[in-house]
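Peer 1: Have a look at this fold, sequence not included:
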């Protein structure tokens with residue numbers, strides 16, 4: 001317990017010492033030059049699935065697809081804001097994405113499904129995390145998804161209002177806040193680096209202010 005408390009205190013002090021001058025703008029507010037596109041729908045132009053307007057990334061939500069950062073990241077605090085423009089359905093912020101493009105790639109998902117923002121989804125064999133006294137690990141590609149419910153009641157805002165995700169990944173530790181509410185915390189991530197991905201998966205959604213602070 002002493003070691004755990006000391007580690008938590010050290011992490012908190014380290015995060016407080018991080019300056020916003022270290023921000024890396026994952027989305028530049030102007031275009032998607034730092035991102036690649038993917039959809040498994042053969043007749044759809046991926047570049048028509050995501051586009052930029054007024055400093056926001058927009059997607060129609062249909063068909064399924066995503067944008068994926070060209071750069072790979074590790075040890076960071078990631079900030080993402082989103083809002084639904086119609087009836088909320090499903091989307092996600094995927095971190096530590098590895099391997100080839102597919103629906104859906106090897107990664108850890110921070111869920112954006114309506115009333116489930118803050119859930120974690122492990123995707124792909126080898127994805128794992130320890131939360132409290134429980135260790136979760138995907139051992140087979142045949143059963144490659146595992147959802148881990150968030151800690152608290154939904155902390156999302158109604159459609160039309162902006163929400164915030166603050167996702168901290170540091171040396172295998174993960175902390176997930178939705179609108180300032182701690183919804184997940186774990187350690188022993190088996191995937192500790194990779195691309196960041198935003199999903200199209202159901203209905204129109206907008207993203208803005210996407211940046212990270214290296215830790």
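Peer 2: Thanks, I have it. Worth saying up front: this structure is predicted, and the values here are computed from it rather than measured.
Peer 1: which one is residue 83 nearest to, not counting chain neighbours?
Peer 2: With C-beta to C-beta, 6 or more residues apart in numbering as the criterion, residue 83 has its nearest non-adjacent residue at 4.8 Å, and that residue is residue 162. The way it works is simple: take the backbone N, C-alpha and C, and place the C-beta from them, glycine included.
Peer 1: mind listing what the one you found touches?
Peer 2: With contact taken as C-beta atoms under 8 Å, 6 or more residues apart in numbering, residue 162 is in contact with 81, 82, 83, 208.
Peer 1: got it, and residue 141?
Peer 2: Under the criterion of C-beta under 8 Å, 6+ apart, the neighbours of residue 141 are 124, 125.
Peer 1: The most centrally placed residue in the chain and residue 46: what is the separation?
Peer 2: Residue closest to the average C-alpha location in the chain (C-alpha atoms, centre = their mean): residue 93, at 2.7 Å. Distance, residue 93 to residue 46, by C-beta to C-beta, to the nearest Å: 18 Å.
Peer 1: Bridge partners for the residue nearest to the centre of the chain, pull those for me.
Peer 2: Following DSSP bridges, residue 93 is listed with bridge partners residue 110, residue 198.
Peer 1: can you pull the contacts of it?
Peer 2: Residue 93 sits next to 78, 80, 109, 110, 112, 165, 167, 196, 197, 198, 199 when contact means C-beta under 8 Å, 6+ apart.
Peer 1: make it 10 Å
Peer 2: The contact partners of residue 93, by C-beta atoms under 10 Å, 6 or more residues apart in numbering, come to 78, 80, 82, 107-112, 117, 165, 167, 176, 196-199, 207, 210.
Peer 1: ditto for residue 45
Peer 2: Residues in contact with residue 45 (C-beta under 10 Å, 6+ apart) are 37, 39.
Peer 1: What's the per-residue pLDDT of it here?
Peer 2: Confidence per residue is given as pLDDT, and for residue 45 that number is 88.
Peer 1: Likewise for residue 4?
Peer 2: Looking at residue 4, its pLDDT stands at 40.
Peer 1: One more: the one 10 residues further on?
Peer 2: At residue 14 the predicted local confidence, pLDDT, stands at 44.
Peer 1: now swap in residue 204 and tell me
Peer 2: Residue-level confidence at residue 204 comes out at 97, pLDDT.
Peer 1: any idea how far residue 191 is from residue 106?
Peer 2: Taking C-beta to C-beta as the measure, residue 191 and residue 106 are separated by 7 Å.
Peer 1: Quickly list what's touching both of these two.
Peer 2: When contacts are counted by C-beta under 10 Å, 6+ apart, the set common to residue 191 and residue 106 consists of 96, 97, 98, 122, 123, 124, 126, 127.
Peer 1: returning to that earlier point: now the contacts of residue 162 as TSV including pLDDT, distance to residue 29 and neighbour count?
Peer 2: As requested, the contacts of residue 162 are exported to TSV (pLDDT from 0 to 100; distance: C-beta to C-beta, whole Å; neighbours: other C-beta atoms under 10 Å):
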residue	pLDDT	distance to residue 29	neighbour count
81	98	12	14
82	98	15	22
83	98	16	19
208	98	8	16
